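S.K.: quick check, what structure comes out for this input:
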Amino acid sequence: MVDLTINKEDKKDYIIDIDEDRDNYAVLYADGKNELFGKSEAIREELLEKLERQFWNFSQEYKVYAKYEKKIIV
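M.R.: Down below sits the predicted model:
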């Protein structure tokens with residue numbers, strides 16, 4: 001995801017990327033922190049819920065970002 005946070009406090013909880021291997025989910029946050037979670041259905045659901053909340057909380061910022069990026073490309 002694109003980092004749409006404005007202040008430093010939001011960066012520690014804003015998920016940028018989630019990778020998975022056989023046993024773990026590796027979560028990268030906007031502040032650069034990596035965190036490993038054991039792979040389970042409960043953890044998967046928790047991470048998806050966080051991403052959904054993040055989407056709704058920052059959807060307006062994303063619209064502004066997308067509009068600005070489109071202008072640069074054109």
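S.K.: residue 38: what's it in contact with?
M.R.: 23-25 (C-beta atoms under 8 Å, 6 or more residues apart in numbering). For every residue, glycine as well, the C-beta is placed using N, CA and C.
S.K.: pick out the residue nearest the middle of the protein.
M.R.: A centroid search over the chain (C-alpha atoms, centre = their mean) returns residue 15, at 2.6 Å, as the residue closest to the centre.
S.K.: surely that one and residue 52 touch.
M.R.: No. Using C-beta atoms under 8 Å, residue 15 is not in contact with residue 52, being 10.8 Å away.
S.K.: residues shared between the contacts of the two?
M.R.: Between them, residue 15 and residue 52 share no contacting residue, judged by C-beta under 8 Å, 6+ apart.
S.K.: now the strands for the chain?
M.R.: With DSSP state E, the ranges of strands along the chain come out as 15-20, 24-29, 34-38.
S.K.: reformat those as TSV; add distance to residue 58 and mean pLDDT.
M.R.: Converted to TSV, the strands of the chain look like this (distance: least, C-beta to C-beta, whole Å; pLDDT from 0 to 100):
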stretch	distance to residue 58	mean pLDDT
strand 15-20	11	94
strand 24-29	14	96
strand 34-38	20	96
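S.K.: give me whichever of those is most buried.
M.R.: Comparing the strands of the chain by mean neighbour count (mean count of other C-beta atoms under 10 Å), strand 24-29 ranks first with a mean of 16.
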